[in-house]
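Asker: mind folding the following:
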Amino acid sequence: MHSPGSVQKFSVWCLITALAFLGATITLNGRFITPVRGPLAFGIVGLTIVLLAVTVISFLRFVRDADELMRKIQVDALGVGFAAGAVFTLGYRLCERLGAPKLDVDDGFLVMMVFWALGQYLGYRRYCDDGQVEA
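Answerer: Numbers count the residues shown, from 1 in each chain. Next comes the predicted model:
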C-alpha cells in the first residue's frame, strides 16, 4: 500500500516547483533582473533546476512506495500525458508551418502535464468507485 505521506510530499514538491518555474520565467523575462545573465539570474535558474530534480526524486519515491494499483494508475496516466503531448507537439509543429504562431518548448510539456493529471483523475475515479484506493 502506498504511503499517504509520499503522495502528499510529491504534491507539495509539484506545487513548489511549478511556482518556482513560473516565478523564474517571469523574473528572467528581462524586466526584473538586469543583466539577465548576471549571478542572480544564474542563481534563480540553478535553484529552479534543483527543485525540478527534487520533484522527480519525490515522484520516484512515491511510485516506489505505491502498491500495484497505484502504479497502474500512474503508468496509465503517464501514457495519456505522453500521447497527448506527442500529438500536440507534432501536430502543432505542422500548424506552425501553415502560419500558426510559434510556441515555446515548455508549451508541449504543459499539455503533457495537464493530460497526466487528467489521466490520474480518471484512474482514481475508475478504481475509487470500487473502494480499492484510499483517497
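Asker: would you mind writing the CA trace of stretch 22-34 as CSV?
Answerer: Output in CSV follows, covering the C-alpha atoms of stretch 22-34 (Å, rounded to 0.1, in the frame of the first residue of the first chain):
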residue,chain,number,x,y,z
LEU,A,22,6.6,30.4,-13.0
GLY,A,23,8.5,32.9,-10.9
ALA,A,24,11.8,32.3,-12.7
THR,A,25,10.1,32.6,-16.1
ILE,A,26,8.5,35.9,-15.1
THR,A,27,11.6,37.2,-13.4
LEU,A,28,14.0,36.3,-16.2
ASN,A,29,11.9,37.9,-19.0
GLY,A,30,14.3,40.9,-18.8
ARG,A,31,12.2,43.4,-16.9
PHE,A,32,13.1,42.5,-13.4
ILE,A,33,16.7,41.4,-13.4
THR,A,34,19.4,43.3,-15.2
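Asker: how about that stretch, which residues are buried there?
Answerer: Across stretch 22-34, burial judged by 16 or more other C-beta atoms under 10 Å covers 24, 27-28. Any C-beta I mention is one placed from the backbone N, CA and C, and that applies to glycine too.
Asker: which of those fall within helices?
Answerer: Taking DSSP state H as the definition of helices, the buried residues of stretch 22-34 contribute 24, 27.
Asker: tell me the one of the buried residues of stretch 22-34 nearest Ser6?
Answerer: Minimum distance to Ser6 across the buried residues of stretch 22-34 is 26.3 Å, recorded for Ala24 (C-beta to C-beta).
Asker: Ile16 versus that closest one, what's the distance?
Answerer: 12 Å (C-beta to C-beta, to the nearest Å).
Asker: can you tell me which helix in this structure is longest?
Answerer: The longest helix of the chain (DSSP H) is helix 68-97.
Asker: center of the chain, which residue is that?
Answerer: Met113 (4.5 Å; C-alpha atoms, centre = their mean).
Asker: state the pLDDT value of it.
Answerer: At Met113, the model reports a pLDDT of 90.
Asker: ok, and what's touching the helix or strand hosting it?
Answerer: Met113 is located in helix 105-128, with elements delineated by DSSP states H and E. Taking contacts as C-beta atoms under 8 Å, 6 or more residues apart in numbering, the residues outside helix 105-128 that touch it are 69, 72-74, 76-85, 88-89, 92, 133, 135.
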